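1. I need the structure of the sequence given here:
(4 chains)
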2 protein chains.
Amino acid sequence: MLDDEHRYKILKELQQDPDISQRELARRLNISLGKANFCLKALVEKGLVKADNFKNSRNKVGYLYLLTPQGIEAKAILTKRFLQRKLEEHERLAQEIEQLREEVLKV
Amino acid sequence: MLDDEHRYKILKELQQDPDISQRELARRLNISLGKANFCLKALVEKGLVKADNFKNSRNKVGYLYLLTPQGIEAKAILTKRFLQRKLEEHERLAQEIEQLREEVLKV
DNA sequence: CAGCCCTGTTCAACGGGTGAACAATGATAA
DNA sequence: TTATCATTGTTCACCCGTTGAACAGGGCTG
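-> Residues are numbered from 1 along each chain as shown, chains lettered A, B, ... in the order given. Predicted coordinates for the structure are as follows:
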């Protein structure tokens, strides 16, 4: 829980859409409401996100989830690390595909 | 549990190494002993694998896990399906990497 | 024989994920 | 004003897959 991938995605969503409900966040990340709540709290706890009380125009109440400077920095680092991991995974997948191709031909 | 990926990997391991212990199988697939046991039993149940009682030369007791004709056929089908899925995943990953590259440059 | 080792099998315990239910608050209607 | 509704964050009992220690069976060795 709260692995790098989720951390990255949450920070990304919040950065480009700070007024977002936890339910919407959960929907976008394909996780449950409880998990979204847990992860978000952890990020606030770590000081990467600040939850401003927020009174919007219409029937909104919730918060404005703003990335702190540390949050912005963390997101940049996570993005690079995430990219690196995805590149490795991409390469690994290519090898796996090659093996599967051979396997298919063999039969 | 017992998703296509595990099914495929188990059948592959058994095909190329029928005298294998459940512990070794678990180690190779990076799953627990209990799960390996469960999956294996399910494959036997489905008639894809036959567990012959097996008395080996030295201190081996266990079984010989042989793929039945249905098992061989199922494995071939699974291999193709698995390859297809991996290709899609590979493509998806490429797009994701492209987005991450932009994200890194943007900052 | 006893001890050892390698099997497969079991199942209580653990832990992460879930989402219904709750509390709070502002907007809207009567 | 008061009542109702809508939308939010928060909680937590429940679910269920996973784990691996512990057990039982059987062959080998000394």
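
2. quick one: strands adjacent to the worst-scoring helix or strand of chain A on mean pLDDT?
-> The helix or strand of chain A with the poorest confidence is strand A:49-53; it has a mean of 86 (mean pLDDT, DSSP states H and E). The strands beside strand A:49-53 in its sheet (DSSP bridges) come out as strand A:63-67 (antiparallel).

3. Just to check, A:Pro18 is in contact with A:Thr68?
-> No - look at A:Pro18 against A:Thr68 with Cβ atoms under 8 Å: they stay out of range, at 11.9 Å. Any C-beta I mention is one placed from the backbone N, CA and C, and that applies to glycine too.

4. Overlap of the contact sets of the two?
-> With Cβ atoms under 8 Å, 6 or more residues apart in numbering or on different chains applied, the contact sets of A:Pro18 and A:Thr68 do not overlap.

5. quick one, what contacts A:Leu87?
-> Counting by Cβ under 8 Å, 6+ apart, A:Leu87 touches B:Ile97.

6. So what touches the least confident helix or strand of chain A?
-> A:Leu11, A:Leu14, A:Leu40, A:Leu43, A:Val44, A:Tyr63, A:Leu64, A:Tyr65, A:Leu66, A:Leu67, A:Thr68, A:Gly71.

7. ok so the last one is a helix residue?
-> Yes - per DSSP: H, G, I helix; E, B strand; the rest coil, A:Gly71 lies within a helix segment.

8. how close does it sit to B:Tyr8?
-> Using Cβ to Cβ, to the nearest Å, we find A:Gly71 at a distance of 41 Å from B:Tyr8.

9. From A:Arg27, how far off is A:Asn37?
-> A:Asn37 sits 13 Å away from A:Arg27, going by Cβ to Cβ.

10. swap in A:Val49?
-> Taken as Cβ to Cβ, the span from A:Val49 to A:Arg27 is 19 Å.

11. Give me the more crowded residue out of those two.
-> The neighbour comparison of A:Val49 against A:Arg27 (other Cβ atoms under 10 Å in any protein chain shown) goes to A:Val49, with 24 against 14.

12. mind listing what's buried in stretch A:82-94?
-> Neighbour-count burial for stretch A:82-94 flags A:Phe82, A:Leu83, A:Lys86, A:His90, A:Leu93 (criterion: 16 or more other Cβ atoms under 10 Å in any protein chain shown).

13. List the contacts of the nearest residue to A:Gln15 once chain neighbours are set aside.
-> Closest residue to A:Gln15 apart from its sequence neighbours, by Cβ to Cβ, 6 or more residues apart in numbering or on different chains: A:Leu67 at 5.4 Å. Neighbouring residues of A:Leu67 by Cβ under 8 Å, 6+ apart: A:Leu11, A:Leu14, A:Gln15, A:Pro18, A:Leu48, A:Val49, A:Lys50, A:Lys75.

14. Just the buried subset of those residues, written out for ChimeraX, thanks.
-> Selection of buried members from these for ChimeraX, criterion 16+ other Cβ under 10 Å:
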select /A:11,14,18,48,49,50,75
